[in-house]
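Novice: got a structure for you, letters missing:
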């Protein structure tokens, strides 16, 4: 998991920069709209919306924008009709890739995904071809400077977390999706800052990728994640970033 976790760290740092530029607002608005449409506009009874609102606030999205997006989702305001769709396929080196998108034009989006995967040595597969290689989990990241490892470990396990591991300068806490909110609340109640918290797809096993294949894979991941319709990209690669930088 080391290479994959390293990529997750890079993504978090990039997300902070993107948030400062306002680049993530479109993606967050789509998630707010879909979450409100699927589960209603009341945060107290809609966990997905509650998480989406928290993420939007962390990115400094104005409250008016959040409220407007929720009302578009519940139908109180008119707006574009979005659909959720998941694409599955393979990247360079046989790496499994899952792409979650929210789009107003599925034909356009699937054509783009097929083109990108093919261009970088992969291919788009059938639904279900790689999803079995991933587990849906809650993932909470805490900077190691903000908490004692043993104290935090006891805290999160008591709250229902599955595991906690040290990765670089952070603690990565995993939970079952249904326990995510309780664990996150326990950390917040103890005044420990959270770097990020989300329901994500974690690979059961990883595939080692090196050299030119690793470079192509990372370019593919960047292009997929930059696409306006893409919300999340998950992959099961393991890359030695230090070795790659030396080549």
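Specialist: Cool, got the structure. If you're wondering where the values come from, they're calculated on a predicted model, not measured in any experiment.
Novice: so residue 235 makes contact with residue 97?
Specialist: Yes - Residue 235 sits in contact with residue 97 when judged by C-beta atoms under 8 Å, with a separation of 4.8 Å. (C-beta placed from N, C-alpha, C; glycine too.)
Novice: now do the shared contacts for these two.
Specialist: residue 91 (C-beta atoms under 8 Å, 6 or more residues apart in numbering).
Novice: break this structure down into its domains, please.
Specialist: Per the record, the chain has its domains at 2-74, 83-132+205-246, 134-203, by automatic domain parsing.
Novice: tabulate those in a markdown table, adding columns for mean neighbour count and mean pLDDT.
Specialist: As requested, the domains of the chain are exported to a markdown table (neighbours: other C-beta atoms under 10 Å; pLDDT from 0 to 100):
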| stretch | mean neighbour count | mean pLDDT |
| --- | --- | --- |
| domain 2-74 | 17 | 81 |
| domain 83-132+205-246 | 17 | 91 |
| domain 134-203 | 17 | 92 |
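Novice: now the helices for the protein?
Specialist: With DSSP state H, the ranges of helices along the chain come out as 2-21, 25-39, 47-58, 63-74, 106-119, 149-159, 180-189, 211-226, 241-246.
Novice: quick one: contacts of stretch 79-90?
Specialist: Residues lying outside stretch 79-90 but in contact with it, judged by C-beta under 8 Å, 6+ apart, are 30, 33-34, 72, 96-104, 106, 109-110, 113, 117, 122-131.
Novice: so what's residue 193 up against?
Specialist: If a contact means C-beta under 8 Å, 6+ apart, then residue 193 has 142, 143, 146 as its contacts.
Novice: what are the pairing partners of the lengthiest strand in the chain, and which direction each?
Specialist: In the chain, assigned by DSSP state E, the strand with the most residues is strand 134-143. Taking DSSP bridges as the criterion, strand 134-143 forms sheet pairs with strand 170-175 (antiparallel), strand 196-203 (antiparallel).
Novice: contacts only, for residue 175.
Specialist: Applying C-beta under 8 Å, 6+ apart, the residues near residue 175 are 137, 138, 139, 140, 156, 160, 161, 162, 183.
Novice: enumerate every residue touching the nearest residue in space to it that is not next to it in sequence.
Specialist: Nearest residue to residue 175, sequence neighbours excluded (C-beta to C-beta, 6 or more residues apart in numbering): residue 138, at 3.7 Å. Residues in contact with residue 138 (C-beta under 8 Å, 6+ apart) are 174, 175, 176, 177, 179, 180, 183, 184, 197, 198, 199, 200.
Novice: relative to residue 25, which of those residues is nearest.
Specialist: Of all the contacts of residue 138, residue 198 has the smallest distance to residue 25: 17.2 Å, by C-beta to C-beta.
Novice: right, and the closest one touches residue 48 too?
Specialist: No - assessed by C-beta under 8 Å, residue 198 is found out of contact with residue 48, at 10.7 Å.
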